[in-house]
Structure formats: structure tokens, C-alpha cells
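In: structure here, sequence nowhere to be found:
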């Protein structure tokens, strides 16, 4: 049932009319997907993840991404992989349940409607996680959705 509440599609981060990366999020993670250039050996790529900063590039070249993150992450459980021509960066949110409007601070923000949809989806993920015997995939909110981090005493940590 939790799969039904997974992100339906990825958001595009576009700069100067070019797609830089795609991204999505869950209660616990923000995922960034970067299409890699062809004919570059995998050992040439690098990714440095700091609590409030990410840098991605090809060794010996200026970084492709070198930006502050919207919110802090847990560096010890964040990681990156290369597969099928895509760099997948998994950022573990420091504050579980926080809705990110963009991975990059001050850039590529989702519009208010898309942010509200993300917050509603994360809230339903939270309900599903806390009540695994119920199916919330068809649930809907009327009006504004509460913050998944703080609603009814906040997210339970096991």
C-alpha cells in the first residue's frame, strides 16, 4: 500500500531552459537524478554531500552542481550511485516529514499548488507509516493540509 503513496512523477529542475536534474521526495529522503554525459568513465564522476551543501561534477572540471541545500541532511546516511547513465543522489532529511519546495536553496521552487500537493502526499505517507493496516491511497484533504512534521504531536520515531 505504501507504494501507492510514492511520488507519482519527478519534478524537473530547469535552469536557462535546460533540465539540470529531476527530483522527488518521501518522508525521509530527497532523491536527485542527473543524466550523465556519454563517454565519461564512471570513476571520473564525484559527489560531495555536506549537511547543507552538495557538489557534483567530473574530476578535473568545474562542478556541474555546487549549491546549498534547502534544508539540512544527515550526511552519514546520504549517498550516491551511478546506474544506467544516471547519477542518483539520496539525501536523508534531517527533519523527517519536512516538505522541500526544491533541493537547491532559493532556486527552482515548486509553485504553491505543487508544494501543497507534495505536503498532502507526505502527510498520507505519514498516516500509512503509522497505520500500516489501513489504505490511505485514496484519501483526500479538503482545504489546507497540516505540516506532516508537526501534526498531532509530530512524527513518531521508533
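Out: Looks like it came in fine. Every value quoted in this text rests on a predicted model; they were computed, and no experiment measured them.
In: what segments of the chain are helices?
Out: Here the chain has its helices, by DSSP state H, at 112-130.
In: residue nearest the centroid of it?
Out: residue 30 (2.0 Å; Cα atoms, centre = their mean).
In: now do the contacts for that residue.
Out: With contact set as Cβ atoms under 8 Å, 6 or more residues apart in numbering, residue 30 has these partners: 23, 24, 73, 90, 91, 93, 100, 103. Where C-beta positions appear, they are placed from N, C-alpha and C, glycine not excepted.
In: ok, longest strand in the chain?
Out: Taking DSSP state E as the criterion, the chain has its longest strand at strand 73-83.
In: now do that one, average pLDDT.
Out: Here strand 73-83 scores 97 as its mean pLDDT.
In: counting by contacts, list what it packs against.
Out: Using 3 or more Cβ pairs under 8 Å, 6 or more residues apart in numbering; DSSP states H and E as the contact test, the elements touching strand 73-83 are strand 45-50, strand 86-93.
In: ok, residue 17 to residue 136 distance?
Out: 38 Å (Cβ to Cβ, to the nearest Å).
In: more neighbours, the two?
Out: Higher neighbour count among residue 17 and residue 136: residue 136, with 19 against 5, using other Cβ atoms under 10 Å.
In: and the more buried one, what's its pLDDT?
Out: Looking at residue 136, its pLDDT is 83.
In: would you agree it is in contact with residue 129?
Out: No: contact criterion Cβ atoms under 8 Å: residue 136 and residue 129 do not qualify, at 9.7 Å.
In: ok, back up a step: please name whichever of the helices and strands packed on strand 73-83 is nearest to residue 34.
Out: Among these, the nearest to residue 34 by Cβ to Cβ is strand 86-93 (4.3 Å).
In: how about the closest one: buried residues?
Out: 87, 89, 90, 91, 92, 93 (16 or more other Cβ atoms under 10 Å).
In: many thanks, I have nothing further to ask.
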